[in-house]
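[1] Could you look at this predicted model? Sequence included:
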Amino acid sequence: MSKRVLEILKSKFGDDIYETHSQFGDDTAVVNPEKWREIARFLRDDPQCAMNMFVDLTAVDYLGRQTPRFEVVLHLRSMERNHRIRLKARIGDEDANGADIASLVPVWKGANWFERECFDMFGVNFKGHPDLRRILMYPEFVGYPLRKDYPADKIQPLVELRNVPDKLPPFGIDEGMPFGRQTHDYPRGEETN
Amino acid sequence: MEPLDRDLEEGLLELPSEPMMLNMGPSHPAMHGTVRIVLELSGEMIQKADVQIGYLHRGFEKMCERGTWTQIFPYVDRCNYVSPMLNNVGFALAVEKMLGVTVPERCQYYRVALGELARICDHMICSGAMCMELGAFTPFLYFARAREIIWDIFEEETGARVTHSFGRVGGMASPPTKHFKDMIRAGVPRVLQLINEGEKMLLKNRIFLDRLEGVGVMSKEDALALGWTGVVLRASGVPYDVRRAHPYMVYDRMEFDVPVGTTGDNYDRFMCRQEEIRQTWRIIEQALDQMPDEGPINIEDPRIILPPKQDVYTTIEATIQHFKIVMEGIKVPAGECYSYTEAGNGELGFYLVSDGSGTPYRVRIRPPCFATTQGLEQLITGLMIPDVVPTFGSLNMIGGECDH
């Protein structure tokens, strides 16, 4: 981690860097979500930063603790200069409206799956992502599992067998996985007698 | 009589040019792990590939938000189930970074030695599984036999063969046994011997080499942009090893080489793994030589470490302390931290957010093979179907880690 990168960012972007800290030695900058891609591209191309290695992208849900509810967290590393930085942007209100942020796929190819995962788990919408669909969950999954208002023991509705006329049998029959959830026919907590 | 082909139009004589869709996986005999690849084929050439993961998703991150910090150790065990000890150590280091404590030196050497043993296991099984999928079953049996020796050591030390749950915040679950060093010094040379024998069968085999060399090439820049780390990145020619670039524990005192590939093809990835096994043995030897025989394993902080079992049964103070740590959990200071270690597949990162209570607010695991698997699509586009098998094998995708 490097404090110098934070200083370069502050001098270059000024008011768009909302706050910085170096807790536990990890240099962090909270940035304006509107400038997300611009700052990322600057970090990659600026010779003093040279963040050519994409490390991680995720989100944290601070429901009821912070007003922009989601914090998108990006970790970067420079191979030549051997330093790291964490970028954060706060988006979305309490009902998760406006949870939009620019996609970083044009900057680093590796952001592709990480953003898909983030969309899958939190419902953060990455604008300009080439292929934004669920990655760990199946397409019929209802809700976003890592949000704080998603109960950990929630049971999902039974998925209909997908019947797409153009698709050949290997795509049609096993895709719905009907055998996987047969035991959850009734919603939990309902009277069963 | 007129010849038959005169009636046929020119277009009918050509083969159909529409691409064929082929479904590979999620459980395919030639691909380990649960991953599904939807291929769009033109003849036998892959035009487009869609890699689909998630078949082993178990909600690791969600479950971590429900228990105490210590209760996460069994979960991280099951992330990379081929080298669980490295995950244990990685997570313990992340929490210790937030707590601001450093474990005693003896424990650091102990963690290094156990972790490197797990790394041998990891690389060996990856190479073994890859050659098994290519039809060479015998070397896999040699590697499985070698893994048995390491598992015996783990069983002796931790009580479990695969999922040890042996790491603790601020130490280890128990001190090393009396025969710890002798066991490794006697066992691991035999492991290396078996690996050499297995390797000899592969590296003089024309078929094996032809299927590896020049297949699945990844350039340096692409590997970095994709977030590749570990062996796959080093095979592409980038000498990045967390143990060397950001030394943690006692790795700065160890002498070892970082093997680097030249072209970034499957052969380089295979050879880098094999060489790293030998470098790992060098590290273990040095760690055993430098490790003190006496001394504490755990830190001395009653807020973090459980009291001795004998005291819990006999004194009220220790009982209360035990109860508070087990029921309320270790109080980790509020804040966020990202800690990274070199696991079997590359940089294993933990991004932890704590709100100051005994339960983590958010545990984010950065699985190295999640980033690696997303490069598979690029690697296999333009290749043939048989090339998918060694390419996928050399990436060492571990389902539990990749799918969280």
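    Thanks, I have it. Residues are numbered from 1 along each chain as shown, chains lettered A, B, ... in the order given.
[2] CA only for contacts and neighbour counts going forward, please
    Fine.
[3] domains of chain A?
    Residue ranges for the domains of chain A, per automatic domain parsing: A:3-146, A:155-193.
[4] wait, does the longest one contact chain B?
    Just to be clear, that refers to domain A:3-146. Yes - Domain A:3-146 lies within reach of chain B by CA under 8 Å from any CA of the partner chain, at A:23-24, A:26, A:52-56, A:58, A:60, A:79, A:82, A:108-111, A:113, A:135-137, A:145-146.
[5] Narrow those residues to those in helices?
    Judged by DSSP state H, the subset of these located in helices is A:111, A:113.
[6] Now, of the residues of domain A:3-146 next to chain B, which are buried?
    Neighbour-count burial (16 or more other CA atoms under 10 Å in any protein chain shown) is assigned, among the residues of domain A:3-146 next to chain B, to A:26, A:52-56, A:58, A:60, A:79, A:108-111, A:113, A:135-137, A:145-146.
[7] circling back to that earlier point, between the domains of chain A, which has the poorest average model confidence?
    Among these, domain A:155-193 has the lowest mean pLDDT, at a mean of 52.
[8] what about the strands in chain B?
    B:20-24, B:36-42, B:45-52, B:167-168, B:171-172, B:335-342, B:347-354, B:360-366 (DSSP state E).
[9] Show me which residues of the stretch 51-200 of chain B are close to chain A?
    In this structure, the stretch 51-200 of chain B approaches chain A at residues B:52-55, B:57, B:61-63, B:97-98, judged by CA under 8 Å from any CA.
[10] For the residues you listed, give me TSV that also has neighbour count and pLDDT.
    Converted to TSV, these look like this (neighbours: other CA atoms under 10 Å in any protein chain shown; pLDDT from 0 to 100):
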residue	neighbour count	pLDDT
B:Gln52	18	87
B:Ile53	24	88
B:Gly54	20	87
B:Tyr55	20	87
B:His57	15	89
B:Glu61	17	90
B:Lys62	21	90
B:Met63	16	89
B:Lys97	17	92
B:Met98	21	91
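[11] Next one: the most centrally placed residue in chain A from chain B, what distance?
    The centre of chain A sits closest to A:Cys118, judged by CA atoms, centre = their mean, with a distance of 2.6 Å. Here A:Cys118 is placed at a distance of 11 Å from chain B (CA to the nearest CA, to the nearest Å).
[12] give me the element that residue is part of.
    Element membership for A:Cys118 (DSSP states H and E) is helix A:111-122.
[13] Determine the set of other helices and strands touching that helix.
    With contacts defined as 3 or more CA pairs under 8 Å, 6 or more residues apart in numbering or on different chains; DSSP states H and E, the packing partners of helix A:111-122 are strand A:53-61, strand A:125-127.
[14] B:Ala371: which of these is closest?
    Proximity to B:Ala371 (CA to CA) singles out strand A:53-61 among these, at 8.7 Å.
[15] among the residues of the stretch 51-200 of chain B next to chain A, which are in helices?
    B:61-63, B:97-98.
[16] Kindly reformat those residues as TSV containing distance to A:Glu71.
    Shown next, in TSV, are these (distance: CA to CA, whole Å):
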residue	distance to A:Glu71
B:Glu61	16
B:Lys62	17
B:Met63	20
B:Lys97	22
B:Met98	20
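[17] Could I get the residues of the stretch 51-200 of chain B next to chain A in a markdown table, plus columns for distance to B:Pro390?
    Shown next, in a markdown table, are those (distance: CA to CA, whole Å):
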| residue | distance to B:Pro390 |
| --- | --- |
| B:Gln52 | 18 |
| B:Ile53 | 18 |
| B:Gly54 | 21 |
| B:Tyr55 | 21 |
| B:His57 | 24 |
| B:Glu61 | 31 |
| B:Lys62 | 34 |
| B:Met63 | 34 |
| B:Lys97 | 39 |
| B:Met98 | 41 |
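[18] Excluding chain neighbours, what is closest to B:His164?
    In this structure, B:His164 finds its nearest non-sequential neighbour in B:Thr158, 6.1 Å apart by CA to CA, 6 or more residues apart in numbering or on different chains.
[19] A:Asn52 and A:Arg81 touch, don't they?
    No - shown here, A:Asn52 and A:Arg81 do not form a contact pair, counting by CA atoms under 8 Å, at 10.1 Å.
[20] In chain B, what helix or strand scores lowest on average pLDDT?
    helix B:10-13 (a mean of 61; mean pLDDT, DSSP states H and E).
[21] all helices of the stretch 101-250 of chain B, in order?
    Along the stretch 101-250 of chain B, counting by DSSP state H, counting those that start in this stretch, helices occupy B:105-133, B:137-158, B:180-203, B:206-212, B:220-225, B:231-235, B:242-245.
[22] Lovely, talk soon.
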